[in-house]
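J.: sequence plus predicted model, see below.
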Amino acid sequence: MFTPKTERIKEIADRNPELVKRLDGIFNASTRIYIDYANVRPWSTKLQWHIDLKRLKQFLDSFDTIEAINFYNGYLNGDEQSEKEIKEVENRKYVVRTKPVKILNFPINASSIPKDSTALLDQFIRRALLRKYEVGTIEYLNERFRDMNKKGEYYIEDRKCNFDVEIGVDMLLDYEKNGTETFVLWSGDSDFADPLERLLKAGKKAILFGTAGRISSELNALRETGLHIFDVFHLKEFICWKKELN
């Protein structure tokens, strides 16, 4: 049942009764939500607005069937701002799952490799695609590495911190131990196809909250077995930064 947590949510809900009715139908039994934030944050590019985590929590808390809202995101060890952001999410009463972001350095020293070598490119481009490239393309890309070397750049830093395993395990544990009926995943990552398919086969309701163009083909294919997909674009008034509201 939907009971607005704030007056502003009530005002927006009164203007959008059909949307609230639809969401009430989604959250009509014991529900748990899993937010893969590293996947969700970039949606702002497609949506052209940003999700306000405070407003999102207030909105989701307005549905009394939602038992937990799990939030998954990494932090940069020793980075004050990054650690502060995680603490703020905890203070908003999300169930936070976090771990340090891994910093990976990939060497790009092109001084000792032949012009047509794929030794450096193998780190960044899949072999199946590299085989399609003409020699001129390989030589051009290696020349760009050399340009970077001239500027003193010999490594490319990449950051890695995914929660595919943790989210999948949490979903299956909630199925086995907590009697959860509805599983709501905020992500578009293909790695979640397997746990979602298991839940659907077990007769549970699985809902994917995402946005157009950011949902993998593997997840889209699960529509045929009962996966429902809800476009978060429709929630803008409820959950976006206030300064982005018209």
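T.: Happy to help now that I have it. Numbering: from 1, shown residues only.

J.: what residues sit buried inside stretch 208-215?
T.: Of the residues in stretch 208-215, 208-211, 214-215 count as buried by neighbour count, 16 or more other CB atoms under 10 Å. Where you see a C-beta, it was placed from the backbone N, CA and C, and this is true even at glycine.

J.: and what of stretch 123-141?
T.: Taking 16+ other CB under 10 Å as the basis for neighbour counts, the residues of stretch 123-141 that come out buried are 138, 141.

J.: same check, this time on stretch 145-152
T.: Of the residues in stretch 145-152, those with enough neighbours to count as buried (16+ other CB under 10 Å) are Phe145.

J.: what mean pLDDT does that stretch get?
T.: Stretch 145-152 shows a mean pLDDT of 96 in the predicted model.

J.: grab the nearest non-local neighbour of Leu196.
T.: Counting by CB to CB, 6 or more residues apart in numbering, Ala206 is the residue found nearest to Leu196 once chain neighbours are left out, at 4.9 Å.

J.: quick one: contacts of the helix or strand encompassing the one you found?
T.: Assigned by DSSP states H and E, Ala206 falls within strand 205-210. By CB atoms under 8 Å, 6 or more residues apart in numbering, the residues outside strand 205-210 that reach it are 26, 29, 43, 181-188, 196, 199-200, 215, 219, 222, 226-232.

J.: keep only those of the residues you listed that are in helices.
T.: Within those, residues falling in helices by DSSP state H are 26, 43, 196, 199-200, 219.

J.: neighbour-wise, which one of the residues you listed leads?
T.: For those, counting by other CB atoms under 10 Å, the largest number of neighbours falls to Leu196: 24 neighbours.
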